[in-house]
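Participant: I would like to see how this sequence folds:
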Amino acid sequence: MTQEMIVLEKINKSFSGVPVINNLSFMVHQGEILGFLGPNGSGKTTTIRLLNGVITPDSGRLTVAGFNPVTAGDEVRKRCGVLTESAAFYGPMTARENLLFFADLYAVATPTRRVDELLHACGLTPHADKKVAVFSTGMKKRLGIAKALLHQPEILFLDEPTTGLDPEGARTLLDYIQELNRRFGVTIILATHLLKQVETLCHRFIFIDQGRLLADGTFAELAEKYLTAINLQVETDLEITGTEFQGFPLEKNTPGFLQFKVERKEQIPFLLKALLASGSVYSAQIYGRDLETLYFRIKEEKA
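Facilitator: Predicted coordinates for the structure are as follows:
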């Protein structure tokens, strides 16, 4: 049975009387990459701060690796690593010096060896003795992950890890996060508003808005529940007149392409079979079945 590494039950948190977290409940399983998704200001960072014992909830119950962050914050922080949107480093110090400094704070048993391992794992060995002040945003992000992993945490919190990165840098960082989870079984909570970047990375997704839970599940589970109608674009030489074909509504008709609306994904093979019986089909692509569309559909239904 998979262990529950994080549990929140009916958590509430307000600042100056303004509710930020509203009756929030969810759990995270051991070895899972959880996409913690929502717009800026939805409560993602506040939730991570609550889970690390930086702030305390007004009500509700939460545990991290079996410990209560309110009463056993040090035990929680021993088991967790955190990468915030802007990880803090000492610019005049080198990457190696920064990591050795934080390794000392974490009381890492063999700091030099551990720092060398992480510099290599994060692709920073060639830059180990350069001052962090000259690092690019992507290099600082990778150094931030190295810092978060110094004490070999069981759980890793990543708060908007790809903010400020170009597409190539973001993909490299996300690939490394996936490899980290695969090789070492680290449980990862990835908080972001950049939905397209994490669609294929996370095992499960939680959508929040205004501090309240909107939906929780795998992409397949959530798509099955919320994305009922599907748009299918077919590349074909077949010419169709009218607004439907074999009972399937024709949404768009352009030279070489037809776009149909199907109510369920199980209908797609029947539509393609009917098209192939009448002409050539070169490709078929589903539209409107992605994480971003899913988010807006869920938000619309829960409004």
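Participant: which non-adjacent residue is nearest Phe36?
Facilitator: Leaving aside its sequence neighbours, Phe36 sits nearest to Ala191 (C-beta to C-beta, 6 or more residues apart in numbering; 4.2 Å). Using the backbone N, CA and C atoms, a C-beta is placed for each residue, glycine as well.
Participant: Averaging pLDDT per element, find the lowest-scoring helix or strand in this structure.
Facilitator: helix 167-184 (a mean of 84; mean pLDDT, DSSP states H and E).
Participant: Could I get the full set of helices for the stretch 201-303 of the chain?
Facilitator: Applying DSSP state H, counting those that start in this stretch to the stretch 201-303 of the chain gives helices spanning 219-226, 268-278, 291-302.
Participant: can you redo those as a markdown table with mean pLDDT?
Facilitator: A markdown table is the format used below for the helices of the stretch 201-303 of the chain (pLDDT from 0 to 100):
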| stretch | mean pLDDT |
| --- | --- |
| helix 219-226 | 91 |
| helix 268-278 | 94 |
| helix 291-302 | 88 |
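Participant: State the number of residues packed around the closest residue to Gln246 other than its chain neighbours.
Facilitator: In space, and not counting its chain neighbours, Gln246 is closest to Ala274: 4.4 Å by C-beta to C-beta, 6+ apart. For Ala274, the count of nearby residues is 13 (other C-beta atoms under 10 Å).
Participant: swap in Leu24?
Facilitator: Count around Leu24 with other C-beta under 10 Å applied: 24.
Participant: Next SSE downstream of whatever helix or strand it lives in?
Facilitator: Take DSSP states H and E as the rule and Leu24 turns out to sit in strand 18-29. Moving toward the C-terminus from strand 18-29, the next helix or strand (DSSP H and E) is strand 33-37.
Participant: Buried residues of that next one, list them for me.
Facilitator: For strand 33-37, the neighbour count (16 or more other C-beta atoms under 10 Å) marks Ile33, Leu34, Gly35, Phe36, Leu37 as buried.
Participant: next one: stretch 285-295
Facilitator: Leu291, Thr293, Leu294, Tyr295.
Participant: And these, which is closest to Ser280?
Facilitator: In terms of C-beta to C-beta, no member of these lies closer to Ser280 than Thr293, at 29.1 Å.
Participant: re the thing from before, with distance to Leu214 and pLDDT as extra columns, can I get the buried residues of strand 33-37 in JSON lines?
Facilitator: What follows is the buried residues of strand 33-37, written out as JSON lines (distance: C-beta to C-beta, whole Å; pLDDT from 0 to 100):
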{"residue": "Ile33", "distance to Leu214": "19", "pLDDT": "96"}
{"residue": "Leu34", "distance to Leu214": "15", "pLDDT": "97"}
{"residue": "Gly35", "distance to Leu214": "13", "pLDDT": "96"}
{"residue": "Phe36", "distance to Leu214": "12", "pLDDT": "96"}
{"residue": "Leu37", "distance to Leu214": "9", "pLDDT": "94"}
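Participant: quick one: which of those residues is nearest to Cys122?
Facilitator: For the buried residues of strand 33-37, the nearest to Cys122 is Ile33 (18.0 Å; C-beta to C-beta).
Participant: Report the contact partners of the closest one.
Facilitator: Ile33 is in contact with Ile177, Gln178, Asn181, Ile188, Leu190, Leu201, Cys202, His203, Arg204, counting by C-beta atoms under 8 Å, 6 or more residues apart in numbering.
Participant: ok so, going back, counting contacts, what elements does the least confident helix or strand of the chain pack onto?
Facilitator: Applying 3 or more C-beta pairs under 8 Å, 6 or more residues apart in numbering; DSSP states H and E, we find helix 167-184 packed against strand 33-37, helix 137-148, strand 187-192, helix 195-198.
Participant: next helix or strand past the first one?
Facilitator: The one in question is strand 33-37. Using DSSP H and E, the first helix or strand after strand 33-37 is helix 44-51.
Participant: State the mean pLDDT of that next one.
Facilitator: The average pLDDT for helix 44-51 rounds to 94.
Participant: Figure out how far that helix is from the centre of its chain.
Facilitator: How far helix 44-51 lies from its chain's middle: 15 Å, per C-alpha atoms, centre = their mean, to the nearest Å.
Participant: Show me what it is packed against.
Facilitator: Partner elements for helix 44-51 (3+ C-beta pairs under 8 Å, 6+ apart): strand 4-15, strand 18-29, strand 33-37, strand 59-64, strand 155-159, strand 187-192.
Participant: Let me know which of the ones you listed is the nearest to Ile240.
Facilitator: strand 33-37 (38.6 Å).
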